[in-house]
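>>> got a structure for you, letters missing:
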């Protein structure tokens, strides 16, 4: 009967933890995992010791495993988030470099086009034949 109560308690903890933040879920999962590992280890130690009580050893192991599992779960979660942040920071840096390079290229092309426009001179003898009226197609040209 006690096993059923413990299983229902941990099942409720797991289902309640699914709605929280990712760090809460990591702590809860770590705590449940730590409790399970601690209870299993405690039961093994209790059975290995002569005159050892397996049930009490499992409870002690589970009680020790819960906080250890929570801390370990949070630590693993934070390490994973730090790796993700580092990867995103490097992607931002690469994209910033590409943006700066593209802006420099655009400015260079703009300067070349402006210089080319300024260098176009219509000779005086052809000035009378240059058509500057409306164009076919786009009237804004």
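Good, I have the coordinates. Given the structure is predicted, the values throughout are model-derived calculations rather than measurements.

>>> can we go C-alpha only for contacts and neighbour counts from here?
Noted.

>>> Against which helices or strands is the longest helix that the chain contains packed?
Using DSSP state H to define each element, the chain has its longest helix at helix 54-119. When contacts are defined as 3 or more CA pairs under 8 Å, 6 or more residues apart in numbering; DSSP states H and E, helix 54-119 packs onto helix 22-48.

>>> what mean pLDDT does the helix it packs on have?
Averaging pLDDT along helix 22-48 yields 74.

>>> What residues sit buried inside that helix?
Within helix 22-48, the residues scored as buried using 16 or more other CA atoms under 10 Å are 23-47.

>>> so it versus helix 54-119, what angle?
For helix 22-48 against helix 54-119, the angle by axes from the mean of the first three to the mean of the last three CA atoms, to 10 degrees is 150 degrees.

>>> Does anything pack onto helix 22-48? Which helices or strands?
Using 3+ CA pairs under 8 Å, 6+ apart, the elements in contact with helix 22-48 are helix 2-17, helix 54-119.

>>> mean pLDDT for those helices: which is lowest?
Across these, the lowest-scoring stretch is helix 2-17, with a mean of 54.

>>> Around residue 75, how many other residues sit close by?
16 (other CA atoms under 10 Å).

>>> could you measure it against residue 51, distance?
Using CA to CA, to the nearest Å, residue 75 is found at 37 Å from residue 51.

>>> same check, this time on residue 109
Counting by CA to CA, the gap from residue 109 to residue 51 is 87 Å.

>>> Those two: who's more crowded?
residue 109 (12 against 8).

>>> From residue 66, how far off is that one?
64 Å.

>>> next one: residue 53
Residue 53 is 20 Å from residue 66, where distance means CA to CA.

>>> Give me the more crowded residue out of those two.
residue 66 (24 against 15).

>>> show me what contacts the more buried one?
Shown in contact with residue 66 (CA atoms under 8 Å, 6 or more residues apart in numbering): 30-35, 38.

>>> Just name the closest of the residues you listed to residue 92, please.
Nearest to residue 92, judged by CA to CA, of these is residue 30 at 31.9 Å.

>>> neighbours around residue 73, how many?
24.

>>> Run through the residues that contact it.
Applying CA under 8 Å, 6+ apart to residue 73 gives the contacts 26-31.
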